[in-house]
Every structure is written in structure tokens, then in C-alpha cells.
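K.L.:
Using only what follows, build the 3D model:
(4 chains)
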Number of protein chains: 2
Amino acid sequence: MLIRINTASRHSVDGHLAALAGERVFCSEFKYRGGTEVFGEGEEAEYVYQIISGTVRTYKLLEDGRRQINSFHLPGDMIGLENGATHRFTADAVVETKVSITRRCSLLEVIAHRKAGTRNLLGLVTRNLQHAENHVLLLGRKTALERVAAFLLEMDERQEHPNVMILSMSRRDIADYLGLTLETVSRALSILRDEGFMKFLGTTQRQLVLLDRIGLAQLDT
Amino acid sequence: MLIRINTASRHSVDGHLAALAGERVFCSEFKYRGGTEVFGEGEEAEYVYQIISGTVRTYKLLEDGRRQINSFHLPGDMIGLENGATHRFTADAVVETKVSITRRCSLLEVIAHRKAGTRNLLGLVTRNLQHAENHVLLLGRKTALERVAAFLLEMDERQEHPNVMILSMSRRDIADYLGLTLETVSRALSILRDEGFMKFLGTTQRQLVLLDRIGLAQLDT
DNA sequence: CGTCGCGTTGACAAGGTTCAAATTTGGTGG
DNA sequence: CCACCAAATTTGAACCTTGTCAACGCGACG
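P.N.:
The predicted structure is shown next:
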């Protein structure tokens, strides 16, 4: 069990929750070290979270340890809003991550009183739905190379096409996201590097530069 | 383009849309033959549909023809409610299917005026989200046999555990739902039959009886 | 009675996994 | 600043599950 520290400070990311909640909602900030759990599958969904900085992975586990990562959440994303009383998956910080926390009941209360909120809230949920639908297509019908190309393009887009892309997650995380093994991910990345679609920066394997976004998009199909 | 016939008759399935929309909403009924399209990916999302009888598959296609079925929709299910202006996937009738049609704008109008509607509408969307999340786990991390076992259990549950389960979809449909080939599905079903988990009824391959639901659930993991 | 769609089964190929080892990287303490 | 160690990543080789291609059976329907 974590102790949540309430801070009155406003954060720099003026995201959806803040917009929805306005000033009236109790809203605190919290920091997680890399590898620590934000919430667990089956736990009571008391809080709703919005990423300020860092990366969160949400995933489900099978009994024998197989893990499927549903999504990586970057700054601005909201997680933890459930329809039922409990979380449907586990979320933990990939690297050091700051989040903004709102009580679920506070959020729903505000929405109930503001008609305008309905549309936005629905939008937050359907965004997750859309992502899941695209991921189903990727997992069901794409090859390893297509999946890795799609992953790079997704991260590139969500980081707003930076010159240098920084991957905060390990090869295993990527593999569990793409329904592959870490070795297959590594091989696919090597192929993409050798074929000139991208290159690693210096000696690191977590910073890279996309050299041919159009080519990657064609690979993705 | 289809001509939609407005009928004032109430249908037997008293589903969510009817409950949400009440009596004030223009609500018509329509019948599709098996194999015909209900709506297409990218089309304007003018109507929201609820299945009265039959089965609808929703899917996406890749350029080279690979198909991933997102979901099979049975009586009571709602489809076609999008956040944006267009449908994110194609939907077509698997067998002869009756649907109840409501104008999207009528539905949203009613919801906007009734606070109680928000919760229900959110529920309709999060149900789809939950299904997609479970499907991501299946596609990303389960073996062929586990997938087919999970499929049988899903259909069994959604048909409310009938003695005789009727599959309205072909092996190819099942395969495109489970991210497999039709041959692999056929082989998996043969294994499940040979091992006594289920049997086909008579000489048919679309009617079957589950003999060991607990065993199937263990297979599914 | 022939044809067509659907399903099953077999043989083989291939993409991805598994197991193993080499290499690199990043962190820690001297 | 450097040596050392643990963790992460890459690479290789054998293996295995699933896909591909093909043949065959069965029932529906003209």
C-alpha cells in the first residue's frame, strides 16, 4: 500500500483531467520509481491517473507468467478509469514517472454535473478502444517485422516526431507489447538498422533516429 | 446504398438502446442477408445498430487481404457507435440478421438531456473496450489450442450455456477472429473432439455439445 | 448426377521460439 | 579514472508450432 502525498501545485501538462475537473477537484501529484506498481489488476479503482512525465505500461499476466502489454502510456495519457469497481489490468512505471492523481468519485461527480464533460470523457475511453482495436489487428495478422516497424512509428508519432527517439522500455517490454520474444524484437531491429530504415545513436540501443519513415510505413503495410 | 424501412413495431429484445432512447427516438428495424455489409470502414457513422437476431462480424482488412475480425456480435449487442464521424471498421452480417437502427444524432441528443444516460452509454463503450483488451491477451500470448478453447467458451457463455451450441460462422471466420488459419482451427477442433472436450452433433460441424467446460477452461489457462 | 462451398486431413515449408553463448552497456566501488 | 560485475542486448543454431499447398470427403442445390 502506498501513501499518497497531496500537493497543491499545478503541473505543466494541462491535460484532459485537469480540463474536465477544473479547479474544484482534489488533485495531487505522485512520483513512482522505475519498475514500481501504480495499480494492480483486480484492485479497487479508487483513483484516476494522468501521466505528467515518464512511461507507464499496462498489462495482463497469464498464470504461467506469459505477459501481454496492452499499451505504453506517455505524458498526457489518462489511465485507471474503469467502468466497474476494479482495475482490469496492472499498471507499472517503466522509468521514473510523475502522475497526477484524481479520485474517481470526484471525477465522476464533476462530469455528472456538466453536460459538456460527457463528450470528453467518452472521447478518453474511445481513444483507448481505438488503440486496442488497432493492436488486435497488429497481433492477429502482422509479421514480426511489420509489428516492430509499427511500434517505431507509433512511438515516433506519440513523441511528435523528434529527431532522436528515446525508448524508455526494454526489449522484453517491447516484445510483450508486440506479442513476440525479445530475441525476435532484437533481430527485427537489427534488420531495420542494416537496411537503413533507422540507426542507433552512438553506442546506445535505446536512442535511435528514424531515417526512412515512409519506408517503415510501407513495411507496416 | 441501402434503403432503410421504418417500422414502428417494438422488437422483443429490450436492449440498451431502447432503454436509453425511450419512446422519443426514431427507431426502425432492418434485415440483412448473410454476407451483406451493414456498414464499411471509413463510412460516415450515421446510425447506431443493435442486433435483434443473427450474428454480425466486425473486422479490419490489410491491403493484401489479411483480415482480422474484432468481434462477433450477437443479439442484444450494440455496434456502430463511434466517437468520430466515421466507422473504424467494417461490419457485415454472418447469417440473416435483424437489427434495430437509431440515428446517432438522436441517440446523442437524448443522452445529452439525461444525466442517467451517461453511465449507461459509458458502459456500452467500456464493454467493447474490455472485450478488446481480453482479445489482445489472447492474440498476443495464447497458443492455437488455447485460442480455440477460449472461443468455444466465449460463444457458450454468450449463448447462455445451451445444450447444443450453434456456430453461425465458418471456420475461416473463426480463424480470422483468433488470428489463425482455418486449417489450424479445424485441427484444434478435431483435437478437442478426439480428447473428449466436446462433440459434434450428428454429421454437422456447426452444431456441437460441450462435454467438459472445466477442462476447456483449464486449457484456456 | 455434376458442381460448388465448406470442412478435414496430410506433407512440407517457414517464421518465430527456445536455448545457449558472446558482447555491450551502465552502474558501483576502490 | 578505472576495474569489475550485473543486466541488457545481440547473435547463432536447433527446434517446433503454425502456415501453406494440395487432396479428399461430404452435403446442398440445380
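K.L.:
Quick one: find the helix or strand in chain A with the lowest mean pLDDT.
P.N.:
helix A:16-21 (a mean of 50; mean pLDDT, DSSP states H and E).
K.L.:
Following the chain onward from that helix, which element is next?
P.N.:
Once the chain leaves helix A:16-21, the next helix or strand it forms, by DSSP states H and E, is strand A:27-32.
K.L.:
And the average pLDDT for stretch A:52-63 is what?
P.N.:
Averaged across stretch A:52-63, the pLDDT comes to 96.
K.L.:
ah, wrong one, I meant stretch A:179-188
P.N.:
The model assigns stretch A:179-188 a mean pLDDT of 98.
K.L.:
now what about it, what contacts it?
P.N.:
For stretch A:179-188, the external contacting residues (C-beta atoms under 8 Å, 6 or more residues apart in numbering or on different chains) are A:68, A:139, A:144-145, A:147-148, A:170-172, A:174-175, A:178, B:139-141. From N, CA and C alone the C-beta is placed, and that goes for glycine too.
K.L.:
Give me the buried entries from those.
P.N.:
Buried positions within the contacts of stretch A:179-188, assessed by neighbour count (16 or more other C-beta atoms under 10 Å in any protein chain shown), are A:68, A:139, A:144-145, A:147-148, A:171, A:174-175, A:178, B:139-141.
K.L.:
Closest one of those to residue A:189?
P.N.:
Residue A:189 lies nearest to residue A:148 out of the buried ones among the contacts of stretch A:179-188, by C-beta to C-beta, at 6.3 Å.
K.L.:
and that closest one, what element?
P.N.:
Going by DSSP H and E, residue A:148 is in helix A:144-158.
K.L.:
For chain A, what lies in contact range of DNA strand C?
P.N.:
Residues of chain A found near DNA strand C (C-beta under 7 Å from any atom of the strand) are A:143-145, A:179-181, A:183-184, A:187, A:203-206.
K.L.:
Now narrow these to whatever sits close to DNA strand D.
P.N.:
Applying C-beta under 7 Å from any atom of the strand to those, those adjacent to DNA strand D are A:183, A:187, A:205-206.
K.L.:
Would you mind putting those residues into TSV with neighbour count and secondary structure alongside?
P.N.:
Formatted as TSV, these follow (neighbours: other C-beta atoms under 10 Å in any protein chain shown; DSSP: H, G, I helix; E, B strand; the rest coil):
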residue	neighbour count	secondary structure
A:183	10	helix
A:187	15	helix
A:205	14	coil
A:206	13	coil
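K.L.:
Just name the closest of these to residue A:91, please.
P.N.:
Nearest to residue A:91 among these is residue A:206, at 21.4 Å by C-beta to C-beta.
K.L.:
Which residue, other than its chain neighbours, is closest to that closest one?
P.N.:
Excluding its sequence neighbours, the residue lying closest to residue A:206 (C-beta to C-beta, 6 or more residues apart in numbering or on different chains) is residue A:167, at 4.7 Å.
K.L.:
thought the one you found was touching residue A:208?
P.N.:
Yes: using C-beta atoms under 8 Å, residue A:167 is in contact with residue A:208, at 7.3 Å.
K.L.:
if we can go back for a sec, so which of the contacts of stretch A:179-188 belong to strands?
P.N.:
Cross-referencing these against strands under DSSP state E gives residue A:68.
K.L.:
Would you point out the most distant pair within the contacts of stretch A:179-188?
P.N.:
Farthest pair in the contacts of stretch A:179-188, by C-beta to C-beta: A:170 and B:139, 21.8 Å.
K.L.:
what's the burial count for residue A:158?
P.N.:
Residues near residue A:158, counting by other C-beta atoms under 10 Å in any protein chain shown, number 14.
K.L.:
Show me the strands in chain A, by range?
P.N.:
Assignment of strands within chain A using DSSP E yields the ranges A:27-32, A:37-39, A:47-53, A:56-61, A:67-73, A:78-79, A:90-93, A:97-103, A:165-166, A:198-200, A:207-210.
K.L.:
Distance to chain B added to these, as TSV?
P.N.:
Below are those laid out as TSV (distance: least, C-beta to the nearest C-beta, whole Å):
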stretch	distance to chain B
strand A:27-32	21
strand A:37-39	15
strand A:47-53	13
strand A:56-61	5
strand A:67-73	4
strand A:78-79	12
strand A:90-93	12
strand A:97-103	17
strand A:165-166	23
strand A:198-200	23
strand A:207-210	22
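K.L.:
now those in TSV, with distance to residue B:86?
P.N.:
Listed next are the strands of chain A as TSV, based on distance: least, C-beta to C-beta, whole Å:
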stretch	distance to residue B:86
strand A:27-32	35
strand A:37-39	34
strand A:47-53	28
strand A:56-61	27
strand A:67-73	23
strand A:78-79	24
strand A:90-93	31
strand A:97-103	31
strand A:165-166	30
strand A:198-200	32
strand A:207-210	29
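K.L.:
for chain A, which residue is closest to the average position?
P.N.:
residue A:73 (1.6 Å; C-alpha atoms, centre = their mean).
K.L.:
And the biggest helix by length in chain A, what's buried?
P.N.:
Longest helix of chain A, by residue count under DSSP state H: helix A:115-141. Neighbour counts over helix A:115-141 (16+ other C-beta under 10 Å) mark A:117-118, A:121-122, A:124-126, A:128-141 as buried.
K.L.:
Let's test this: mean pLDDT of that helix, rounded?
P.N.:
Helix A:115-141 shows a mean pLDDT of 84.
K.L.:
distance between it and the chain's centre?
P.N.:
Distance of helix A:115-141 from its chain centroid, counting by C-alpha atoms, centre = their mean, to the nearest Å, is 13 Å.
K.L.:
sorry, back to before: contacting residues around the residue nearest to the centre of chain A?
P.N.:
Contact partners of residue A:73, counting by C-beta under 8 Å, 6+ apart, are A:51, A:55-58, A:79, A:91.
K.L.:
try residue A:158
P.N.:
Residues counted as contacts of residue A:158 (C-beta under 8 Å, 6+ apart) are residue A:74.
K.L.:
That one and residue A:73, how far apart?
P.N.:
To residue A:73, residue A:158 is 10 Å away according to C-beta to C-beta, to the nearest Å.
K.L.:
Please tell me the pLDDT value assigned to residue A:98.
P.N.:
On pLDDT, residue A:98 comes in at 94.
K.L.:
closest one to residue B:214 among the strands of chain A?
P.N.:
For residue B:214, the closest of the strands of chain A is strand A:56-61, at 21.7 Å, according to C-beta to C-beta.
K.L.:
Distance from the chain centre to the closest one, please.
P.N.:
How far strand A:56-61 lies from its chain's middle: 9 Å, per C-alpha atoms, centre = their mean.
K.L.:
That one pairs with which strands, parallel or anti?
P.N.:
Paired strands of strand A:56-61, with direction, are strand A:67-73 (antiparallel), strand A:90-93 (antiparallel) (DSSP bridges).
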